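Trainee: Here is my input; please provide its structure:
(chains A, B, C and D)
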Number of protein chains: 2
Amino acid sequence: MRIGELAAQAGVDVQTLRYYEREGLIDAPSRTASGYRTYGPVHLERMQFIRHCRSLDMPLADVKRLIALSGDKGVSCDEVNGMVQRHLERVRAKRAALELLEKQLAELNAQCEAGHRVADCGILEELIHAAQGEACACHPRARAS
Amino acid sequence: MRIGELAAQAGVDVQTLRYYEREGLIDAPSRTASGYRTYGPVHLERMQFIRHCRSLDMPLADVKRLIALSGDKGVSCDEVNGMVQRHLERVRAKRAALELLEKQLAELNAQCEAGHRVADCGILEELIHAAQGEACACHPRARAS
DNA sequence: TGCAAACCCTGTAGTTACTATCGGGTCAAG
DNA sequence: CTTGACCCGATAGTAACTACAGGGTTTGCA
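Mentor: You can find the predicted model right below:
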């Protein structure tokens, strides 16, 4: 199977496959005489694994580590456990932050009625005023990640 | 006020200020004979505005546009309105995606008990199996943004 | 007055996970 | 034998910074 077909089957771009190869996430496949990559079913499986992890928004570094670990059946699984747990924490935190943000934006959005001038714009007013105020909920001291 | 002081007052890094200047988000300040930037209170206000917008996770391009618009009081406010609304949509979508993701990761995490071997790892098993399955909820056809 | 620490300068490269483009080579059908 | 679809490697771009490297300046203190 050539790179275009694998890309189609795995649902990614051709460049992404070359990129993953450079980054060591998939093994370099064999080549035809003219230099074309030829992939086997193992490569498709690997790509599906990677894609699944990425759909869980895991960083590629973690995926790479998972691949390495999964090849070494005897080793303790604590690291896998920890990686997933840390990732879950990150996602949880980000989700919470976005929830707050969504609320603030919705409020902001309510300030503005269509069709008036910038001079009377509730949103801009609000943004500027909030910025002047000492410590708005949005920027307490350190930036929200 | 020199760059270090403005950075401290605005709660950002010195490099960030220079970066914003390069990107045209803050006006180039005057310089001392030896080339040091000297800022006035306007610059601090501007930085607070930017920081507030950034704490709402707005892209810098939008912030830049807001700054331009807020200097032009007579123009219609529809664009401001639209920007905030579009941004709200983005945030909403991302939050929903993260919610799903969090659920999936929590389930995954529940697969694993501490201290066993990779050969029996529920997480890895799950990740690999799910990847093999035709269409898991995580990667239906197109990648989740 | 001399010196060191703390500050400032420009410019460049790195981060993440790709995507896009360039200039060229190869393959298959008609 | 040509045309279009495919492939190759290398490079640069994305967002919003952050981190150097290799210098110059200011400030406080002895």
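Trainee: use CA for all of it now, contacts and neighbours both
Mentor: Noted.
Trainee: Can you tell me the element residue A:66 falls in?
Mentor: Residue A:66 is part of helix A:60-70 when elements are defined by DSSP states H and E.
Trainee: List the buried residues for that helix?
Mentor: When burial is assessed from 16 or more other CA atoms under 10 Å in any protein chain shown, helix A:60-70 yields the following buried residues: A:62, A:63, A:64, A:66, A:67, A:69, A:70.
Trainee: and if you look at stretch A:7-24?
Mentor: Neighbour counts using 16+ other CA under 10 Å place A:7, A:10, A:11, A:12, A:17, A:18, A:20 of stretch A:7-24 among the buried residues.
Trainee: Can you pick out the ones from these that are in strands?
Mentor: For these, not one is inside strands, with DSSP state E as the criterion.
Trainee: any idea how far the closest residue to residue A:119 other than its chain neighbours lies from residue A:29?
Mentor: If the residues on either side of it in the chain are set aside, residue A:119 comes closest to residue B:73, at 4.5 Å by CA to CA, 6 or more residues apart in numbering or on different chains. Taking CA to CA, to the nearest Å as the measure, residue B:73 and residue A:29 are separated by 61 Å.
Trainee: And for residue A:117?
Mentor: As defined by CA to CA, residue A:117 lies at a distance of 61 Å from residue A:29.
Trainee: Residue A:102 too?
Mentor: Taken as CA to CA, the span from residue A:102 to residue A:29 is 46 Å.
Trainee: Between the two, which is the more surrounded one?
Mentor: Under the criterion of other CA atoms under 10 Å in any protein chain shown, the comparison of residue A:102 against residue A:29 puts residue A:102 first, with 20 against 15.
Trainee: who's in contact with the more buried one?
Mentor: Residues near residue A:102 by CA atoms under 8 Å, 6 or more residues apart in numbering or on different chains: B:88, B:91, B:92.
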